[in-house]
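Engineer: Show me the folded form of this:
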Amino acid sequence: MVRSAEPDHVALGLSAERMREMFEVMLLARIVDEREWILNRQGREAFHISCQGHEGSGVGSAFALDLDRDVMVPYYRSLAAVLAFGVTPLDVFLSALAKADDPMTGGRQMPAHYGLARARILTSGSSVATQIPHATGAALASKIRGDGGVSLVYFGDGASSKGDFH
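Structural biologist: Okay, here's the model as predicted:
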């Protein structure tokens with residue numbers, strides 16, 4: 001095997017600056033996640049499911065999307081992906097703490113049920129795998145419009161045994 005003289009990220013079309021941006025979002029996701037865990041243990045956040053270990057796949061896939069055209073359909077472990085796609089840490093905490101200023105649902109949804117119209121993030125529910133048909137519908141809408149948009153859906157391994165997946 002012949003190795004290129006350039007670093008792998010350059011061969012993939014990623015600049016050092018872009019790699020740094022991705023790393024910063026991964027780090028931010030871990031910091032937000034850890035703070036949410038603390039808030040949960042203090043009894044201030046009612047519910048928390050960690051994203052730890054999912055940061056790389058979430059950030060890597062979200063950075064490949066077009067923020068102005070593509071659609072993301074996350075699940076409860078998609079914190080890193082939604083941060084990379086336009087949700088702010090403030091948005092996350094307003095939602096997690098059920099505050100009226102929560103831009104996702106006005107504080108009326110469980111934490112980690114991300115959805116933000118301005119960022120083209122469709123909300124999901126608590127039932128496992130139900131976000132998959134939503135993403136399929138968004139992809140079909142893009143195909144009908146002919147805009148070349150991509151729909152990206154996130155789900156865990158438990159979702160692959162549900163009818164929505166098949």
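Engineer: max-length helix in this structure?
Structural biologist: helix 16-41 (DSSP state H).
Engineer: Tell me the helices and strands packed up against that helix.
Structural biologist: helix 8-11, helix 55-63, helix 79-84, helix 89-96 (3 or more CB pairs under 8 Å, 6 or more residues apart in numbering; DSSP states H and E). C-beta: built from backbone N, CA, C; applies to glycine.
Engineer: name the helices or strands packed onto the first one?
Structural biologist: With contacts defined as 3+ CB pairs under 8 Å, 6+ apart, the packing partners of helix 8-11 are helix 16-41.
Engineer: what angle sits between the helix it packs on and helix 55-63?
Structural biologist: Orientation of helix 16-41 against helix 55-63 (axes from the mean of the first three to the mean of the last three CA atoms, to 10 degrees) gives an angle of 120 degrees.
Engineer: Going by neighbour count, list what's buried in helix 16-41.
Structural biologist: Using 16 or more other CB atoms under 10 Å as the burial criterion, the residues of helix 16-41 that qualify are 19, 22, 25-26, 28-30, 32-33, 35-36, 39-40.
Engineer: which one of the residues you listed sits closest to Val10?
Structural biologist: Among the buried residues of helix 16-41, Met19 lies closest to Val10 (CB to CB), at 9.3 Å.
Engineer: Which one of the buried residues of helix 16-41 is nearest to Gly148?
Structural biologist: Met22 (23.5 Å).
Engineer: List the residues that contact that closest one.
Structural biologist: Applying CB atoms under 8 Å, 6 or more residues apart in numbering to Met22 gives the contacts Leu14, Val59, Gly60, Phe63, Ala84.
Engineer: What of Asp33?
Structural biologist: Counting by CB under 8 Å, 6+ apart, Asp33 touches Ser50, Cys51, Gln52, Leu79.
Engineer: Please tell me how far the nearest residue to the last one once chain neighbours are set aside sits from Ala84.
Structural biologist: Nearest residue to Leu79 in three dimensions, chain neighbours excluded: Cys51, at 3.9 Å (CB to CB, 6 or more residues apart in numbering). In this structure, Cys51 lies at 12 Å from Ala84, with CB to CB, to the nearest Å as the measure.
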